[in-house]
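> Turn this into a structure:
(2 chains)
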Amino acid sequence: MEIDPFVFRLSIFILSIFVGYYVVWSVTPSLHTPLMSVTNAISSVIIVGAIIAALAGNNETIFNEASMFGFLAIILAAVNIFGGFLVTQRMLAMYKKKKK
Amino acid sequence: MISTNLQALFYLISGVLFILALRGLSSPETSRQGNFFGILGMLIAVIVTFLSIGNFSSSFVYVIGFLLIGGSVGAFIAFKIPMTAMPELVAGFHSLVGLAAVFVAISAFLNPEAFNLGNVGNIKLASLIEMSIGAAVGAVTFTGSIIAFLKLRGIMSGSPITFPGQHILNLLILISIIGLTYFLCVTQSSKLFWALIVISFLVGVLLIIPIGGADMPVVISMLNSYSGWAAAGIGFTLENTALIITGALVGSSGAILSYIMCKGMNRSFFSVILGGFGGTDQVSKSENKEQKPVKSGNSDDAAFLMKNASSVIIVPGYGMAVAQAQHALREMVDTLKKNDIKVSYAIHPVAGRMPGHMNVLLAEANVPYDEVFELEEINNDFANCDVAYVIGANDVTNPVAKTDPQSPIYGMPILDVEKAKSVLFVKRSLSPGYAGVDNDLFYRENTLMLFADAKKMTEDIIKSF
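Model (predicted):
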């Protein structure tokens, strides 16, 4: 009997939780704020779903009920992606070592 | 068009790049590279999605347009936001992720064919459950973050809002959500789907209003975690590896940060969620104790003490950020260093309104990060230091946490400031801190209170030198 693809996705999910656990514990506490802003940015990869939804409409009806929600989600996720990565960049650029 | 397998591999690559983005944050040197990996991962995910759909008609132009609108808004915010407002910004961003998850779930529900999930009224059972989880968690994240944003921004009072029967109400709502999801799966009715989303919006509000301002660092971290789980839920619906990996990463990241914050306050996660901490009842208790003698001084006294010191430890807190005193503080430290005085900074895990907030503010004021230490690294040094300069911190220095089991902050790890030879405590008045507890440190022999605005006092000390 074949394994349901769901089980594969679940495996990826569980293993990623463990990866996340160990990776995040190794983050230095002084970078916890950038950690939050960058996780914010990467969780906006949800834009992938928004794009699929937005492009699902055909040429006559670009804006139907379902694609409209996709377009709205694109705006929200894009705010987050650009805002999140840029503000992280801005913060990280400020961390400097002692001048000798 | 690219094949489904190739597409899945590319999503896996962007997932791995996201892991590297977080990995980079283990030290400031590698962090900028890490952020670059994150951007690369996002770029790959978006491009692969476009290629896999292969629809480059007029709707594609609209997608790019909307993307750029959102992007420029985000970029504008990112450049304009002052570093003191980072907690609000992060809460605001969380709400957007939550709402985006809700919208994607809605469009998947309305047009399941586009996502290969079946037909309207006949959506695959597993997808429907995943979709409901994604939508519900997303909705909770959205309204919860809005409330957190309003509280942090000061638009809404930071004091907890509680009412009788609150926990029972929450429990009933939780049961009704599970019931709704079950009937939604049986009937596939869109009405139930909308009801589920509306109720989840309500849960988000109810969950955050009882939590007081002092617990905000936990709340932000918790909502960070929720936004991750929402993304993972949608990732399962869309069968998208990048989204599943990211959701799991963000979910566990937020959970760990919540744990660190709870530990920093010696509070159980559960008691934070139940809320009510930092309410007015605790403040009133401490009001009748304020007749104890307090030594106070001016900037000349402070400068004199520091001049004769060989080592000084600075203890910054959120009050420093409110007074915008970080730049003045750095100037003062520069003056001290010119006089061959050793200076370091001590940061408590819950200083500020979000994890790591103080570190960012100090970095902004050009304080080198290798002069800034965490609680465990520096706590033993207080006994050997001549002057501790407490600026804008309060509860995290209160020795009562070690001595008085009756105190609400008993057991909380604190900076051993009182062990320093002398303590300079900059504060506007003797009022208690965020937790509503009177600070024993004010009345110690070796404490000199400097009653003034943090920024003005620091500037005056520089002048007195």
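> Could you use CA atoms for every contact and neighbour count after this?
OK.
> what packs against the helix or strand of chain A with the lowest mean pLDDT?
In chain A, the helix or strand scored least confidently by mean pLDDT, DSSP states H and E is helix A:47-55, which has a mean of 90. Applying 3 or more C-alpha pairs under 8 Å, 6 or more residues apart in numbering or on different chains; DSSP states H and E, one finds that helix A:47-55 contacts helix A:65-92, helix B:28-53, helix B:58-80, helix B:86-110.
> Flag every buried residue along the third one.
Residues of helix B:58-80 classed as buried: B:59-60, B:62-63, B:66-78 (neighbour count, 16 or more other C-alpha atoms under 10 Å in any protein chain shown).
> Also near chain A: which of these, exactly?
Among the buried residues of helix B:58-80, the residues lying close to chain A (C-alpha under 8 Å from any C-alpha of the partner chain) are B:59-60, B:63, B:66-78.
> that older thread, who's in contact with the least confident helix or strand of chain A?
A:62, A:66-71, A:73-74, A:77-78, B:45-46, B:49-50, B:53, B:55, B:59-60, B:63, B:100, B:103-104, B:107-108, B:111, B:114-115, B:234, B:238 (C-alpha atoms under 8 Å, 6 or more residues apart in numbering or on different chains).
> Most tightly packed of the helices and strands packed on helix A:47-55?
Most buried of the helices and strands packed on helix A:47-55, by mean neighbour count (mean count of other C-alpha atoms under 10 Å in any protein chain shown): helix B:86-110, with a mean of 29.
> Helix A:65-92 and that one, what's the angle between them?
160 degrees (axes from the mean of the first three to the mean of the last three C-alpha atoms, to 10 degrees).
> Any part of helix B:86-110 near chain A?
Yes: applying C-alpha under 8 Å from any C-alpha, one finds helix B:86-110 touching chain A at B:90, B:93-94, B:96-97, B:99-101, B:103-104, B:106-108, B:110.
> Please report the distance of the closest residue to chain A within the stretch 51-200 of chain B from residue B:240.
Closest residue of the stretch 51-200 of chain B to chain A, C-alpha to the nearest C-alpha: residue B:74 (3.9 Å). Separation of residue B:74 from residue B:240 (C-alpha to C-alpha, to the nearest Å) stands at 25 Å.
> Also residue B:334?
With C-alpha to C-alpha as the criterion, residue B:334 and residue B:240 are 52 Å apart.
> Which one of these two is surrounded by more residues?
Between residue B:334 and residue B:240, counted using other C-alpha atoms under 10 Å in any protein chain shown, the more crowded position is residue B:240 (20 against 16).
> Verify the stated contact: the more buried one with residue B:11.
Yes: using C-alpha atoms under 8 Å, residue B:240 is in contact with residue B:11, at 7.2 Å.
> And the pLDDT at residue B:285?
In this model, residue B:285 is scored at 44, pLDDT.
> An error on my part: the question was meant for residue B:223.
The predicted local confidence for residue B:223 is 92.
> Tell me the spacing between it and residue A:36.
10 Å.
> Can you pull the residues that touch both of those two?
By C-alpha under 8 Å, 6+ apart, the residues touching both residue B:223 and residue A:36 are residue B:254.
> Which strands or helices does the helix or strand containing residue B:168 pack on?
Under the criterion of DSSP states H and E, residue B:168 resides in helix B:166-187. Helix B:166-187 sits against helix B:125-153, helix B:190-208, with contacts defined as 3+ C-alpha pairs under 8 Å, 6+ apart.
> now the angle from it to helix B:125-153?
150 degrees.
> Name the residues that touch helix B:166-187?
B:125, B:128-129, B:132, B:190, B:192-193, B:196, B:199-200, B:203, B:206-207, B:274.
> Ok, stretch B:55-74 next?
Residues contacting stretch B:55-74 (C-alpha under 8 Å, 6+ apart): A:51, A:54-55, A:57, A:59, A:62, A:71, A:74-84.
> Could you do stretch B:256-268 as well?
A:21, A:24-25, B:217-219, B:221-222, B:269, B:348-350, B:355, B:409-413.
> Just the buried ones from the residues you listed?
A:21, A:24, B:217-219, B:221-222, B:269, B:348-350, B:355, B:409-413.
> what's in contact with stretch A:76-85?
A:37-38, A:40-42, A:44-47, B:35, B:38-39, B:67-78, B:93, B:96-97, B:99-100.
> and with 7 Å instead?
Stretch A:76-85 has contacts (C-alpha atoms under 7 Å, 6 or more residues apart in numbering or on different chains) with A:37-38, A:40-42, A:44, A:47, B:67, B:70-71, B:73-75, B:77-78, B:93, B:96-97, B:100.
> Downstream of the helix-or-strand element of chain B with minimal mean pLDDT, the next helix or strand is which one?
The least trusted helix or strand in chain B, going by mean pLDDT, DSSP H and E, turns out to be helix B:280-286, with a mean of 43. Going down the chain from helix B:280-286, the next helix or strand is helix B:299-307, by DSSP H and E.
> For that next one, which residues meet the burial criterion?
B:299, B:301, B:302, B:303, B:306, B:307.
> Which other helices and strands does it contact?
helix B:454-464 (3 or more C-alpha pairs under 7 Å, 6 or more residues apart in numbering or on different chains; DSSP states H and E).
> Quick one: residues contacting the closest residue to residue B:414 other than its chain neighbours.
Spatial nearest neighbour of residue B:414, chain neighbours left out: residue B:396 (5.0 Å); criterion: C-alpha to C-alpha, 6 or more residues apart in numbering or on different chains. Residue B:396 makes contact with B:348, B:414, B:415 under the criterion C-alpha under 7 Å, 6+ apart.
> go again using 8 Å as the cut-off
B:348, B:350, B:351, B:413, B:414, B:415.
> Can you tell me how far the fourth one is from residue B:259?
If I follow you right, that is residue B:413. Taking C-alpha to C-alpha, one finds residue B:413 at 14 Å from residue B:259.
> What of residue B:357?
16 Å.
> Please identify which of these two sits among more neighbours.
residue B:357 (29 against 17).
> Residue B:156 against residue B:208, yeah?
No: assessed by C-alpha under 8 Å, residue B:156 is found out of contact with residue B:208, at 11.9 Å.
> quick one: common contacting residues for those two?
residue B:147.
> between those two, which one's more packed in?
More neighbours surround residue B:208 than the other of residue B:156 and residue B:208, with 26 against 13 (other C-alpha under 10 Å).
> Who are the packing partners of the host helix or strand of residue B:319?
Assigned by DSSP H and E, residue B:319 belongs to helix B:318-322. Contacts defined by 3+ C-alpha pairs under 8 Å, 6+ apart place helix B:318-322 against helix B:454-464.
> For the helix it packs on, enumerate the helices and strands it packs against.
The helices and strands touching helix B:454-464, judged by 3+ C-alpha pairs under 8 Å, 6+ apart, are helix B:299-307, helix B:318-322, helix B:326-338, strand B:422-427.
> Quick one: mean pLDDT for the second one?
With pLDDT averaged residue by residue, helix B:318-322 scores 85.
> Restricting to C-alpha, output it in CSV.
C-alpha atoms of helix B:318-322 as CSV (Å, rounded to 0.1, in the frame of the first residue of the first chain):
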residue,chain,number,x,y,z
TYR,B,318,12.1,50.6,28.9
GLY,B,319,12.1,54.0,30.6
MET,B,320,15.3,54.8,28.8
ALA,B,321,13.6,54.2,25.5
VAL,B,322,10.5,56.3,26.4
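> mind listing what's buried in it?
Buried residues in helix B:318-322 (16+ other C-alpha under 10 Å): B:318, B:319, B:320, B:321, B:322.
> which one of those residues is nearest residue B:228?
residue B:318 (27.4 Å; C-alpha to C-alpha).
> Excluding chain neighbours, what is closest to that closest one?
Closest to residue B:318 by C-alpha to C-alpha, 6+ apart is residue B:352, at 4.4 Å.
> That neighbour and residue B:157, how far apart?
From residue B:352 over to residue B:157 (counting by C-alpha to C-alpha), the distance is 17 Å.
> More neighbours: these two, which one.
Ranked by neighbour count (other C-alpha under 10 Å), residue B:352 and residue B:157 place residue B:352 first, with 27 against 14.
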